[in-house]
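Chemist: The following comprises the amino acid sequence and a computationally predicted model.
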Amino acid sequence: MTQKLLKIAGIGENRLHVAWLSSAEAQRFVDISTDVINSIKAQGRFDAAMFSMELTAVEDTLKTEILRWMIGKEIKLLSKGDVYGRKWEKDRFESILDSVLEREYHKQLIRQAILAGFTSVRAISQKVGLELKRISYLLADMEKTNMIEFKGHTECIPVFAAL
Amino acid sequence: MEQAEPKIVAFLCNWCAYAGADLAGVSRLQHPSNMRTVRVMCSGRIDPLFVVQALKSGCDGVLVAG
């Protein structure tokens, strides 16, 4: 999930590697660490300052209740079913998780943009590179959940503030 | 871009990967030295936020091994 999120954020899923091995597998550890180092070398240095807005958005996304809840419920939804007794297919769960990830990340990114002083839909769009329609839709959603508030108009342009 | 060696944070489980890394050291297997190891008692201890924190603090990659 974190890899997917890093991918959505444009940081690249291959900045994070995950591997499993046992304590007796020294050679495997060496192989894995060599692979990881080569992969990171190929990607070059990571510039945290360039991605600071994205990283903060990723961090805030990972903290959100809905994602923590979905990950915590995964096994139960797949094996026992939800409160209506419906079992979930893995593909369906994954696709919903993907869309939630993307939506929550975009919301956090918009929030970061507003905090950085891009308060109108057009300015946010230029900053984060999302479509105007998508931003308006997410802003309405964010207003409902008290992430942002509508501050009124300046020269007929709606202005938003982060809470 | 500077051609410095990449910095990698490795979160290693005490019982699996850390012991494996230890054994690799004891048996003198050669491997690159870019890893900064963080030993945790279980890889289940890793929160995705640690990964973000590591990237924020200026490392170039993260490895979680259990």
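Modeler: Received the coordinates, thanks.
Chemist: CA only for contacts and neighbour counts going forward, please
Modeler: Fine.
Chemist: What are the phi and psi values at the most centrally placed residue in chain A?
Modeler: Taking CA atoms, centre = their mean as the criterion, A:Tyr105 is the residue nearest the geometric centre of chain A, at 3.6 Å. Main-chain dihedrals, A:Tyr105, degrees, to the nearest 10: phi -60, psi -40.
Chemist: wait, isn't it in contact with A:Glu59?
Modeler: No - the criterion here is CA atoms under 8 Å, and A:Tyr105 misses it with A:Glu59 at 9.2 Å.
Chemist: My read is that B:Trp15 contacts B:Arg39, right?
Modeler: No - between B:Trp15 and B:Arg39 there is no contact under CA under 8 Å: 9.6 Å.
Chemist: Select the helix or strand of chain B having the lowest average pLDDT value.
Modeler: In chain B, no helix or strand scores lower on mean pLDDT, DSSP states H and E than helix B:17-26, which sits at a mean of 87.
Chemist: Which SSE is immediately downstream of that helix?
Modeler: strand B:35-40 (DSSP states H and E).
Chemist: Do the very next helix or strand once past that next one and chain A come into contact?
Modeler: The helix or strand immediately downstream of strand B:35-40 is helix B:48-56, counting by DSSP H and E. Yes - judged by CA under 8 Å from any CA of the partner chain, helix B:48-56 and chain A are in contact via B:Pro48, B:Leu49, B:Val51, B:Val52, B:Leu55, B:Lys56.
Chemist: domains of chain A?
Modeler: Domain ranges of chain A: A:2-43, A:52-162, per automatic domain parsing.
Chemist: Pick the most deeply packed of those.
Modeler: domain A:2-43 (a mean of 18; mean count of other CA atoms under 10 Å in any protein chain shown).
Chemist: How far away from the center of its chain is it?
Modeler: Chain-centre distance of domain A:2-43: 20 Å, with CA atoms, centre = their mean, to the nearest Å.
Chemist: What values do phi and psi take at the residue of chain A most remote from its centre?
Modeler: Centroid-distance maximum for chain A: A:Ala24 at 36.0 Å, with CA atoms, centre = their mean. Backbone torsions of A:Ala24, given as degrees, to the nearest 10, read phi -90, psi -10.
Chemist: Spell out which residues of chain A are next to chain B.
Modeler: So chain A meets chain B at A:2, A:14-27, A:29-30, A:33-34, A:36-37, A:40-41, A:44-48, A:52, A:55, A:58-59, A:62-63 (CA under 8 Å from any CA).
Chemist: Can you name every helix or strand that the helix or strand harbouring A:Val36 contacts?
Modeler: For A:Val36, the host element (DSSP H and E) is helix A:26-43. Packing partners of helix A:26-43 (3 or more CA pairs under 8 Å, 6 or more residues apart in numbering or on different chains; DSSP states H and E): helix B:17-26.
Chemist: can you tell if the helix it packs on touches chain A?
Modeler: Yes - using CA under 8 Å from any CA, helix B:17-26 reaches chain A at B:Ala17, B:Tyr18, B:Ala19, B:Gly20, B:Ala21, B:Asp22, B:Leu23, B:Ala24.
Chemist: who wins for neighbours among those residues?
Modeler: Counting neighbours by other CA atoms under 10 Å in any protein chain shown, B:Ala17 leads those with 30 neighbours.
Chemist: now that residue, nearest residue through space, not along the chain?
Modeler: Spatial nearest neighbour of B:Ala17, chain neighbours left out: B:Gly66 (5.2 Å); criterion: CA to CA, 6 or more residues apart in numbering or on different chains.
Chemist: And the one you found, what's its pLDDT?
Modeler: Here, the pLDDT recorded for B:Gly66 equals 82.
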